[in-house]
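Novice: the sequence and its predicted three-dimensional model are supplied below.
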Amino acid sequence: MEYFFSLIGMVLVVEGLIYSLFPSGLKKLVIILLSMEEKQVRNLGLFFMLTGTFIVWAANT
């Protein structure tokens with residue numbers, strides 16, 4: 001459980017960095033996401049989820 005909370009903390013650190021270092025870029029990204037179809041956003045999320053899963057798996061083998 002300690003590892004899980006450490007992982008969640010690291011995700012929040014990375015997200016915080018994005019918000020604090022690139023606020024205008026993040027706003028542009030939101031505008032782009034709003035203009036995309038729901039299926040495209042879902043596929044993008046699935047791609048990132050599978051990529052992240054692979055990275056975690058590769059790091060632990």
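Specialist: Arrived safely, thanks for sending. Numbering: from 1, shown residues only.
Novice: what mean pLDDT does the strand or helix carrying V14 get?
Specialist: Under the criterion of DSSP states H and E, V14 resides in helix 2-21. Across helix 2-21, pLDDT averages out at 92.
Novice: so which elements touch that helix?
Specialist: Contact partners of helix 2-21 among helices and strands, from 3 or more Cβ pairs under 8 Å, 6 or more residues apart in numbering; DSSP states H and E: none. Every residue, glycine included, has its C-beta placed from N, CA and C.
Novice: in PDB, list the C-alpha atoms belonging to it.
Specialist: Output of helix 2-21 as PDB, limited to C-alpha atoms (Å, rounded to 0.1, in the frame of the first residue of the first chain):
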ATOM      1  CA  GLU A   2       3.000   2.300   0.700                       C
ATOM      2  CA  TYR A   3       4.100   1.800  -2.900                       C
ATOM      3  CA  PHE A   4       0.600   2.700  -4.200                       C
ATOM      4  CA  PHE A   5       0.600   6.000  -2.300                       C
ATOM      5  CA  SER A   6       4.100   6.800  -3.500                       C
ATOM      6  CA  LEU A   7       2.900   6.200  -7.000                       C
ATOM      7  CA  ILE A   8      -0.100   8.400  -6.600                       C
ATOM      8  CA  GLY A   9       2.100  11.100  -5.100                       C
ATOM      9  CA  MET A  10       4.500  11.000  -8.100                       C
ATOM     10  CA  VAL A  11       1.600  11.300 -10.500                       C
ATOM     11  CA  LEU A  12       0.400  14.400  -8.700                       C
ATOM     12  CA  VAL A  13       4.000  15.800  -8.800                       C
ATOM     13  CA  VAL A  14       4.200  15.400 -12.500                       C
ATOM     14  CA  GLU A  15       0.700  16.900 -13.100                       C
ATOM     15  CA  GLY A  16       1.600  19.800 -10.800                       C
ATOM     16  CA  LEU A  17       4.700  20.400 -12.800                       C
ATOM     17  CA  ILE A  18       2.700  20.500 -16.100                       C
ATOM     18  CA  TYR A  19       0.200  23.000 -14.600                       C
ATOM     19  CA  SER A  20       2.900  25.200 -13.100                       C
ATOM     20  CA  LEU A  21       5.500  25.200 -16.000                       C
END
